[in-house]
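Enquirer: Model the following, please.
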Amino acid sequence: MTASADLAALAAQPFELLRELERRSQIAVAGLDGGEVPDEWVGIGFRIGNEHFITQREQVREVLMLPESITRVPGARRWMLGIANLRGHLLPLVDLKMFLGSGRTTFRRVTRVISVNHRDVPAGLVVDEVQGFRRFSDSEYVEQWPQTEIRCDRYIAGAYQRAQETWPIFSLYDLLESSSFLQAAAE
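Expert: A predicted model of the protein is given here:
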């Protein structure tokens, strides 16, 4: 079967087609003949305050603009911004910076909502900025990272170090499954 026939067979599976195209692109860029893709980790970079983090791309459903209309939830904690109707689905919106105890996020043109791809806990996390995909080789992984200003160490699972930049890996699933996150009712 030819390469184009392989791709044609995936026409009815757009996600698999994109995955195969990505794999082939990586092989072409790396100039590899054997078809082996170099080991790499792909995450989505985002900023909270002045600090940069990454999260696994599999934990992100989509990145959204901040909705114009957010309905407050009576009796909810201050970090629970409210509920937004996004394409017919209600999504709870959380100010991640405030949840972590570092003050309210200032809404700007670059402020974004990270819709978490969690099966049981729907949530949109408001962050100062999303910085797109970040790719790291396995050799750039480190288990230790500099202490963050924002108190989020319990959600960090290692980091990637490139030159002078350290990107702590923020586990969105650990955040959503934590008891403090699940207790959104004000005391």
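Enquirer: What segments of this protein are strands?
Expert: For the chain, strands defined by DSSP state E occupy the ranges 40-48, 51-56, 60-65, 80-86, 89-95, 112-116, 124-127, 129-137, 141-142, 156-162, 165-170.
Enquirer: and the lengthiest helix in the chain, how far out from the chain's middle?
Expert: Using DSSP state H to define each element, the chain has its longest helix at helix 14-30. What separates the centre of helix 14-30 from the centre of its chain is 21 Å, taken as Cα atoms, centre = their mean, to the nearest Å.
Enquirer: buried sites along it?
Expert: Judged by neighbour count (16 or more other Cβ atoms under 10 Å), helix 14-30 contains these buried residues: 17, 20, 27. C-beta coordinates here come from the backbone N, C-alpha and C atoms, glycine included.
Enquirer: again, but for stretch 139-150
Expert: Using 16+ other Cβ under 10 Å as the test for burial, stretch 139-150 gives 140, 145, 148, 150.
Enquirer: Identify the residues contacting residue 116.
Expert: Applying Cβ atoms under 8 Å, 6 or more residues apart in numbering to residue 116 gives the contacts 59, 60, 61, 122, 123, 124, 125, 172, 173, 176.
Enquirer: Could you check how far it is from residue 170?
Expert: From residue 116 over to residue 170 the distance is 11 Å, taken as Cβ to Cβ, to the nearest Å.
Enquirer: quick one: which of the strands of the chain is nearest residue 185?
Expert: strand 80-86 (8.9 Å; Cβ to Cβ).
Enquirer: For that closest one, C-alpha coordinates in CSV please.
Expert: In CSV, the C-alpha atoms belonging to strand 80-86 read as follows (Å, rounded to 0.1, in the frame of the first residue of the first chain):
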residue,chain,number,x,y,z
MET,A,80,-15.4,30.4,41.3
LEU,A,81,-16.0,33.0,38.7
GLY,A,82,-19.3,31.4,37.7
ILE,A,83,-20.8,29.4,34.9
ALA,A,84,-20.6,30.2,31.2
ASN,A,85,-22.6,28.8,28.3
LEU,A,86,-20.0,27.7,25.7
